[in-house]
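> sequence and computational prediction follow.
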Amino acid sequence: MTSSTPEKLTVDGDRLWQSLTDLAEIGAYDDERTGLRGVNRLALTDADAAGRRQVIAWMKEAGLTVRIDRMGNIYGRREGADPAARTVLTGSHIDSVATAGAFDGCLGVLGGIEVVRTLNERGITTRRPIEVGVFTEEEGVRFGTDMLGSAVAAGRLGLEYAHALTDRDGRTLGDELARTGFAGPVDARLDPPYAYVECHIEQGPVLAENDVPIGVVTGVQGISWQEITIHGRAAHAGTTPTRLRADAGLAAARIIVRLRELVDSGDYGDLRATVGHLTVHPDLTNIVPARAEMTVDLRNPDDVQMARAEEALAAFLHELEGSRPGLASTTRRMAKTAYVPFDESVQKVIAQAADDHGLAHLSLLSGAGHDAQEIAALCPTAMIFVRGEYDGISHNPREYSTPEACARGVDVLATTLLRLADQD
């Protein structure tokens, strides 16, 4: 590093906020429920492709050398003084759910670019290269597997498997990469970085409840996604006696209730269960549903308790099948990740950076999945959480973090990256 390198870095918060605002206009829509401006940038849609092109333009303007791998993951590289040194990586994702806000994932990507801009303006050369990554299909809502791009980069999932995944219209991820122009030439397996740090909005209420601006993330809890299909028997709603029905809709409702009972029992640790998608067929007012399709999202910081909860769900499905002639169920694993602890040494660098910026912080476990949990298999990893407003709501147009909160989080990111990039 140069002799004038500061002990800490402060970024241009106004410029960071403008970047967040500009990116939020790509895929923007007016949400009728909230009256707010939301973001719909599902992975590898035209909106996502436009957002990616904008981010690449900003990377190049900041002097980064851009490469795209065969999963569509984007990396912008700032060289260091030691070309043989391993890279310090930061980043996140810009794909969204269909009803998103402006911050989830985007803060980590645009914050990384803002750090590079600040280093350039200060004339600082780090010993290690710094890279900003944009990972493909982190949300998992289009192709059914979350953290997909980073999982392939880290080697947990294979490239062929990922390319063959389909959306609800039957389009494969591989075809959509080619259609949007993001089927890059570079090997998708990532060389292990020296360290990875991801800055992200908390997506929860803990920081706000404690009136603390910065979270030092200790790890990510385990996540299990399953798709359950209940097969029943269609029947006339008026002429078929209740005792003779094999109602797939009723069976789905019983599964939802049973999941809540598992959570409320306290017998499965800090279990959380969500049915976020449910459809019945033929979906007509006067016909008993012949089929119900639903997703089950389980979260648990304890892998043993997670396995017990999955076993309890499987046992209930078996019980349900035997409760009524004509009922059957099938399950499909969509995704599963174990609890991932983050590196204590990187957590300490983040905590010290927050202290040096005069920012209170607390340690907390992430309830949401992040690309960091995949990259943690390759190198020492940790995350910085930024406080969100409105009880930390996320995946919703009401998702919001103030300009000041975002700038503080990226200040901590900047100082953390600077220090990691100059470590021997």
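Looks like it came in fine.
> would you map out the domains in the protein?
Annotated domains of the chain cover 13-220+339-421, 222-337 [automatic domain parsing].
> for the nearest residue to Tyr194 once chain neighbours are set aside, pull up the helix or strand it's in.
Using Cβ to Cβ, 6 or more residues apart in numbering and skipping the chain neighbours, the partner closest in space to Tyr194 is Arg86 (3.9 Å). For every residue, glycine as well, the C-beta is placed using N, CA and C. Assigned by DSSP states H and E, Arg86 falls within no helix or strand.
> might you report the residue contacts of Arg86?
Contact partners of Arg86, counting by Cβ atoms under 8 Å, 6 or more residues apart in numbering, are 128, 191-194, 379.
> do the same with Leu89
With contacts defined as Cβ under 8 Å, 6+ apart, Leu89 is in contact with 130-133, 193, 195-197, 375, 379.
> and Gly222, by the same measure?
299-303, 306, 336-339.
> what comes up buried for stretch 124-138?
Neighbour-count burial for stretch 124-138 flags 124-126, 128-138 (criterion: 16 or more other Cβ atoms under 10 Å).
> how about stretch 29-48?
31, 38-45, 47-48.
> next: stretch 335-352.
Buried residues in stretch 335-352 (16+ other Cβ under 10 Å): 335, 337, 339-340, 342-343, 346-347, 349-352.
> and for stretch 87-106?
Residues 87-97, 99-106 are the ones in stretch 87-106 that count as buried (16+ other Cβ under 10 Å).
> alpha carbons of that stretch, as CSV, please.
Presented in CSV, the C-alpha positions along stretch 87-106 are these (Å, rounded to 0.1, in the frame of the first residue of the first chain):
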residue,chain,number,x,y,z
THR,A,87,-7.7,-11.9,-4.0
VAL,A,88,-9.9,-10.3,-1.4
LEU,A,89,-13.4,-10.8,-2.8
THR,A,90,-16.6,-8.9,-2.0
GLY,A,91,-20.0,-8.7,-3.7
SER,A,92,-23.4,-10.2,-3.6
HIS,A,93,-26.2,-10.4,-6.2
ILE,A,94,-28.6,-8.1,-8.1
ASP,A,95,-31.3,-10.6,-9.0
SER,A,96,-34.5,-10.2,-7.0
VAL,A,97,-37.8,-11.8,-6.0
ALA,A,98,-40.8,-10.6,-7.9
THR,A,99,-41.8,-8.1,-5.2
ALA,A,100,-38.5,-6.8,-4.0
GLY,A,101,-37.0,-3.6,-2.7
ALA,A,102,-33.8,-1.8,-3.8
PHE,A,103,-31.3,-3.1,-1.2
ASP,A,104,-31.3,-6.9,-1.0
GLY,A,105,-28.0,-8.0,-2.6
CYS,A,106,-27.6,-4.7,-4.5
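> now the strands for the stretch 51-200 of the chain?
Per DSSP state E, counting those that start in this stretch, the stretch 51-200 of the chain carries strands over the ranges 65-68, 74-78, 88-92, 130-134, 195-201.
> report all helices and strands that the shortest one contacts.
Meaning strand 65-68. Packing partners of strand 65-68 (3 or more Cβ pairs under 8 Å, 6 or more residues apart in numbering; DSSP states H and E): helix 46-61, strand 74-78.
> okay, now the residue nearest to Ile393 when sequence neighbours are not counted: neighbour count?
Distances taken as Cβ to Cβ, 6+ apart put Glu399 closest to Ile393, at 5.8 Å, once the chain neighbours are dropped. Other residues near Glu399 number 24, with proximity taken as other Cβ atoms under 10 Å.
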